[in-house]
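Asker: Sharing a sequence plus its predicted fold:
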Amino acid sequence: MKIAVLGGGNGSFAAAGDFALQSHDVRLWRRDAVAVAGHRAAGSRIVVRDANGRHEAQLALVTTDIAEAVRDAELILCPTPAFAQHDIATQLAPHLRDDQVVFLPPATFGSMIFAKTALDSGNRAATAFAETGTLPWLTRKHGPFEVAITIRAKRLPVGVFPLTRAGHALDVIGQAFPGVIEPCGDALSGALMNAGPIIHPPLIVMNAGPIEHFLEHWDIHKEGTQPSVRRATDALDAERIAVREGFGYPAPHFPLANHYATHGEEWMYGRGSHDRLTDSGDWREPIVLTQHRYMREDLQLGLSFLVSAAGLAGVKTPLARSFLAIGGAICGEDFLSGGRTLASLGLGDLDREGLQSLLRDGFES
């Protein structure tokens with residue numbers, strides 16, 4: 001299958017390398033012209049390290065030309081931070097074609113940003129947009145052309161926009177992730193599976209002091225994941241699940257408690273993934289509180305979206321609001337009045353029925 005991967009970060013390199021190892025035709029696009037030139041000069045390869053050793057993956061193309069990257073691609077994967085979505089969607093919009101699938105893992109309802117940006121650009125192609133609850137790889141780059149994959153996802157709940165194109169979209173995504181994809185309905189259902197805004201805000205806020213004091217010696221996923229933090233995480237996740245139920249989405253809701261559990265329902269990364277993450281040492285890294293994506297993507301954007309969706313569902317989210325207030329105080333900003341909301345996405349005038357109709361049929365229904 002022809003796959004375009006957008007971005008130059010951890011997830012994008014893991015995706016490009018992993019897909020190439022599966023013998024897919026992979027084109028990697030990124031904006032950094034100097035990095036692209038260096039990558040091409042080095043042979044357009046990515047070294048993938050995992051539990052089975054070291055593997056060299058050959059990419060079909062590394063380019064700064066997004067039109068070249070996505071031409072004839074069946075799947076376009078964009079695992080970039082949510083705050084980069086507007087810019088990438090604008091560059092991608094004119095080049096989308098019928099039957100292509102844009103997959104955002106995860107996205108904070110970014111599927112709507114990509115779909116609406118394409119519409120606003122005048123592109124009427126029958127493209128499907130999808131998102132899931134987590135990045136399909138626990139991964140970190142170890143150099144300019146090398147990436148370590150600690151865990152590959154075992155269950156990925158995927159929502160599709162518009163829902164009428166879900167059959168084709170899930171088939172295409174399933175070819176890239178065989179045996180892993182689980183349909184969860186429309187794109188809002190997929191967005192409300194996003195684990196990042198649940199696991200990361202308690203970790204970065206409740207560990208703010210140790211993060212600043214111990215710097216790279218403090219791993220928020222290891223030393224920072226204490227029982228008190230876990231209780232707060234479970235309570236925040238209960239708000240997410242209540243919002244899902246408020247919209248009428250059925251189980252499974254993939255509760256985050258299953259990520260840490262040794263029994264019961266298997267979570268997205270499977271059994272023992274948390275211990276393997278912390279044992280790898282790759283997440284023992286310096287964190288600048290006011291700049292890190294856990295704060296800017298998961299807390300500022302992710303929780304503001306959860307609170308906004310909760311308002312339409314008629315669900316109270318006091319803990320999500322509290323983390324937004326505290327995170328904003330840490331950054332010296334008002335997170336409660338900004339962030340990503342249904343209104344900021346251009347959907348603020350829709351009632352619940354109107355939103356669900358849009359999610360089902362698309363913008364031109």
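Answerer: Yep, it's here. Predicted model only: the values in this text are computed from it and were never measured.

Asker: So, low pLDDT: which residues of the stretch 1-150 of the chain?
Answerer: Within the stretch 1-150 of the chain, not a single segment meets pLDDT under 70.

Asker: what's the single longest helix in the protein?
Answerer: helix 227-246 (DSSP state H).

Asker: Now tell me what touches it from outside.
Answerer: When contacts are taken as CB atoms under 8 Å, 6 or more residues apart in numbering, the neighbours of helix 227-246 outside the stretch itself are 189, 192, 197-199, 201-203, 206-207, 253, 255-257, 260, 306, 309-310, 313-320, 323. For every residue, glycine as well, the C-beta is placed using N, CA and C.

Asker: Out of those residues, list just those in helices.
Answerer: 189, 197-199, 201-203, 206, 257, 260, 306, 309-310, 313, 318-320, 323.

Asker: ok, of those, which come out buried?
Answerer: 189, 197-199, 201-203, 206, 306, 309-310, 313, 319-320, 323 (16 or more other CB atoms under 10 Å).

Asker: got the angle between the longest helix of the chain and helix 196-206?
Answerer: Between the axis of helix 227-246 and that of helix 196-206 there is an angle of 150 degrees, by axes from the mean of the first three to the mean of the last three CA atoms, to 10 degrees.

Asker: Which positions in helix 227-246 come out as buried?
Answerer: For helix 227-246, burial by neighbour count (16+ other CB under 10 Å) applies to 229, 232-233, 236-244, 246.

Asker: Now these in TSV, please, with extra columns for pLDDT and distance to A118.
Answerer: Converted to TSV, those look like this (pLDDT from 0 to 100; distance: CB to CB, whole Å):
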residue	pLDDT	distance to A118
V229	97	40
A232	98	38
T233	98	35
L236	98	33
D237	98	32
A238	98	35
E239	98	32
R240	98	28
I241	98	31
A242	98	32
V243	98	27
R244	98	27
G246	98	29
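
Asker: With respect to G7, which of the residues you listed is nearest?
Answerer: Among the buried residues of helix 227-246, R240 lies closest to G7 (CB to CB), at 25.7 Å.

Asker: Look up how far A93 lies from that closest one.
Answerer: The span separating R240 from A93 equals 30 Å under the rule CB to CB, to the nearest Å.

Asker: what about F83, neighbour count?
Answerer: By the criterion of other CB atoms under 10 Å, F83 has 15 neighbours.

Asker: Next: I204.
Answerer: 23.

Asker: does it really touch H292, like I thought?
Answerer: Yes - with contact taken as CB atoms under 8 Å, I204 and H292 are classed as touching, separated by 6.7 Å.

Asker: Okay, strands next: where are they in the stretch 101-250 of the chain?
Answerer: Here the stretch 101-250 of the chain has its strands, by DSSP state E, counting those that start in this stretch, at 101-104, 128-132, 137-143, 146-152, 156-161, 181-186.

Asker: Buried residues, stretch 110-130. List them.
Answerer: 110-118, 127-130.

Asker: Distance of the residue nearest to A343 when sequence neighbours are not counted relative to A320?
Answerer: Closest residue to A343 apart from its sequence neighbours, by CB to CB, 6 or more residues apart in numbering: S308 at 7.2 Å. As judged by CB to CB, S308 and A320 stand 10 Å apart.

Asker: Over to C78?
Answerer: In this structure, C78 and A320 are separated by 25 Å, where distance is defined by CB to CB.

Asker: Same check on F177?
Answerer: Distance of F177 to A320, computed by CB to CB: 30 Å.

Asker: residues contacting the nearest residue to A33 once chain neighbours are set aside?
Answerer: On the basis of CB to CB, 6+ apart, the spatially nearest residue to A33 that is not a chain neighbour turns out to be T64, at 5.2 Å. With contact taken as CB under 8 Å, 6+ apart, T64 is in contact with 29-33, 36.

Asker: quick one, what contacts G7?
Answerer: For G7, the contact set (CB under 8 Å, 6+ apart) comprises 29-30, 78-80, 84, 88.

Asker: ok, A60 touching F19?
Answerer: No - because the distance of 10.3 Å does not satisfy CB under 8 Å, A60 is recorded as not touching F19.

Asker: Need the residues touching each of those two.
Answerer: What both A60 and F19 touch, as defined by CB under 8 Å, 6+ apart, is the set V26.

Asker: Counting neighbours, go ahead and name the busier of the two.
Answerer: With other CB under 10 Å as the criterion, A60 and F19 differ in neighbour count, and F19 comes out ahead with 22 against 16.

Asker: okay but the more buried one is in contact with V26, surely?
Answerer: Yes - with contact defined as CB under 8 Å, F19 reaches V26; the gap is 4.9 Å.

Asker: Now for the most centrally placed residue in the chain: which residues touch it?
Answerer: Closest residue to the average C-alpha location of the chain: P106 at 1.8 Å, with CA atoms, centre = their mean. Listed by CB under 8 Å, 6+ apart, the contact set of P106 reads 131-135, 191, 193-196.

Asker: Got phi/psi on it?
Answerer: Here is the backbone geometry of P106 (degrees, to the nearest 10): phi -90, psi -170.

Asker: Would you check how far apart it and F323 are?
Answerer: 18 Å.

Asker: Could you do M268 as well?
Answerer: For M268, the distance to F323 - CB to CB - is 22 Å.

Asker: other SSEs contacting the helix or strand that contains V34?
Answerer: Using DSSP states H and E, the element containing V34 is helix 33-41. Helix 33-41 makes packing contacts with strand 61-63 when contacts are defined by 3 or more CB pairs under 8 Å, 6 or more residues apart in numbering; DSSP states H and E.

Asker: next SSE after the strand it packs on?
Answerer: The first helix or strand that comes after strand 61-63 along the chain, using DSSP H and E, is helix 66-70.

Asker: how about that following helix: buried residues?
Answerer: Buried residues in helix 66-70, counted by 16+ other CB under 10 Å: 66, 69-70.
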